[in-house]
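J.: would you be able to build a 3D model of this:
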Amino acid sequence: MKDLNVRQEAIKILEEKAGKNLFDFAHSNFSLNTSLEARETKAKMNYWDLIKIISFCTGKETISKTKRQLTEWEKIFANDILDKGLVSKIYKELIKLNTQKMNNPVKKWAKDMNRHFSKEDLQMANRHLKKCSTSLIIREIQIKTTGIRYHLIPVRMANINNSGNNRCWQGCRERGSLLHCWWECKLVQPIWRTVWSFLKKLKIELPYNPAIALLGIYPRDTGMLFQRDTRTPMFIAALSTIAKVWKEPKCPSMDDWIKKIWYIYTMEYYSTIKKNEILPFATRWMELEGIMLSEIRERQISYDFTHMRTLGDKTDEHKEGKAKII
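T.: Sure thing, here's the model as predicted:
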């Protein structure tokens with residue numbers, strides 16, 4: 001009650017008659033009591049202090065808050081008058097938070113795929129989330145998609161709304177689980193097949209597996225792991241294109257997918273220029289560049305692709321700059 005900014009005399013009167021905290025005051029019915037003793041007590045108090053206390057204690061938000069139990073953090077900071085031992089109590093609470101088991105999204109994906117991921121697979125998926133791109137914006141797409149399972153799905157919305165309609169929003173009439181929306185839906189499959197056809201053009205043989213595209217869990221093969229940087233932007237672009245038509249009954253556009261790859265290229269291009277890491281970037285994108293340009297000319301896609309032409313020039317400039325320094 002001391003936080004209500006009322007006079008000390010009013011607080012003392014209330015503590016004597018109704019209790020020492022707001023919870024006791026709310027359950028004492030002091031504000032509704034019309035007995036002679038209650039009227040005399042109210043007459044001793046300042047009128048505006050009485051109105052302030054009664055209006056605060058009868059508010060719906062205040063009533064709901066006073067009914068709940070205090071959390072451990074509230075007990076530490078509200079009940080401890082002295083600072084003695086405060087640091088130790090805070091440290092113990094932080095240790096409890098650190099030892100709590102957190103939900104692992106990769107394990108949820110394993111359950112959805114009806115698979116068992118080894119410890120090495122889990123580590124590979126976690127590394128993929130952290131290092132899938134040099135650009136923070138691109139990493140955000142991957143983290144939202146698979147890291148925190150950000151997107152709402154029909155099954156989850158059916159549970160929230162207590163409804164029996166958990167069918168896929170894209171119109172295939174199948175159960176709309178997260179794995180179905182990202183991979184299994186017949187309207188989503190065409191774009192994944194296109195991704196794998198691009199991989200074949202790059203002479204990359206890869207199993208047709210959702211764990212690779214969604215989580216970055218590759219077979220334990222040195223060649224596949226080495227070429228991972230070339231494939232990852234294609235997978236992230238596909239995920240972003242699918243998310244664009246998340247609730248629409250249509251197939252993700254192939255043109256949108258190619259534009260999204262180019263957008264990823266643009267973000268990584270300027271990110272690597274800023275970090276002066278153009279050579280690894282050029283190595284990663286050079287193979288994909290030719291195939292993308294041929295698709296762009298074939299499909300006559302309208303987009304700003306002018307900065308890609310400078311990739312070879314920038315690589316040469318970087319080499320010349322290093323030679324001058326040496």
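
J.: alpha carbons only for contacts and neighbour counts from here, please
T.: Noted.

J.: domains for the protein, by residue range?
T.: 2-68, 119-325 (automatic domain parsing).

J.: most tightly packed of the ones you listed?
T.: Mean neighbours per residue, mean count of other CA atoms under 10 Å, is largest over the domains of the chain for domain 119-325, with a mean of 16.

J.: rewinding a little: and the domains of the chain as TSV, adding mean pLDDT?
T.: TSV is the format used below for these (pLDDT from 0 to 100):
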stretch	mean pLDDT
domain 2-68	65
domain 119-325	79
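
J.: need the phi and psi values for I264.
T.: As for I264, its main-chain torsions (degrees, to the nearest 10) stand at phi -60, psi -40.

J.: the one 3 residues further on now?
T.: According to degrees, to the nearest 10, the main-chain angles of M267 amount to phi -60, psi -40.

J.: now it. Nearest residue, chain neighbours left out?
T.: S135 (6.2 Å; CA to CA, 6 or more residues apart in numbering).

J.: so what's the one you found up against?
T.: 267-268, 271 (CA atoms under 8 Å, 6 or more residues apart in numbering).

J.: apply 10 Å and report the result again.
T.: Counting by CA atoms under 10 Å, 6 or more residues apart in numbering, S135 makes contact with 264-272.

J.: with E93 instead?
T.: Each residue near E93 by CA under 10 Å, 6+ apart is listed here: 72-73, 76.

J.: can you check the residues you listed and name whichever has the most neighbours?
T.: Ranked by the number of neighbours (other CA atoms under 10 Å), the contacts of E93 place I76 first, at 15 neighbours.

J.: from what I see, that one and Y91 are in contact.
T.: No. Counting by CA atoms under 10 Å, Y91 is not a contact partner of I76; they are 11.3 Å apart.

J.: name the element the nearest residue to T41 once chain neighbours are set aside belongs to?
T.: Using CA to CA, 6+ apart and skipping residues adjacent in sequence, the residue nearest T41 is I13, 7.4 Å away. Using DSSP states H and E, the element containing I13 is helix 8-17.

J.: how far away is the residue nearest to M267 from T232?
T.: Separation of S135 from T232 (CA to CA, to the nearest Å): 13 Å.

J.: and L136, what does it touch?
T.: Residues counted as contacts of L136 (CA under 10 Å, 6+ apart) are 130, 267-268, 271.

J.: next step: these restricted to helices.
T.: Members of the contacts of L136 lying in helices (criterion: DSSP state H): 130, 267-268, 271.

J.: still on that earlier bit, quick one: closest of the domains of the chain to K84.
T.: domain 2-68 (22.5 Å; CA to CA).

J.: one step back: from L129, how far out is the residue nearest to M267?
T.: Computed as CA to CA, the S135 to L129 distance reads 12 Å.

J.: quick one: the helices in the stretch 1-150 of the chain, in order.
T.: 8-17, 22-27, 36-44, 47-57, 60-67, 72-79, 86-99, 105-112, 119-131, 136-142 (DSSP state H, counting those that start in this stretch).

J.: repeat that for the stretch 151-300 of the chain.
T.: Here the stretch 151-300 of the chain has its helices, by DSSP H, counting those that start in this stretch, at 154-160, 178-179, 189-201, 210, 222-226, 228-244, 254-275, 278-299.

J.: residues contacting the closest residue to W192 other than its chain neighbours?
T.: Leaving out its chain neighbours, the residue that sits closest to W192 by CA to CA, 6+ apart is A238, at 7.3 Å. By CA under 10 Å, 6+ apart, the contact set of A238 is 182, 188, 191-192, 194-195, 213-214, 232, 244, 252-254, 256-258, 260-261.

J.: pretty sure N104 contacts I148?
T.: Yes. Counting by CA under 10 Å, N104 does reach I148; the two are 9.0 Å apart.

J.: for the nearest residue to W109 once chain neighbours are set aside, give its distance to G164.
T.: Closest residue to W109 apart from its sequence neighbours, by CA to CA, 6+ apart: L179 at 7.8 Å. For L179, the distance to G164 (CA to CA) stands at 19 Å.
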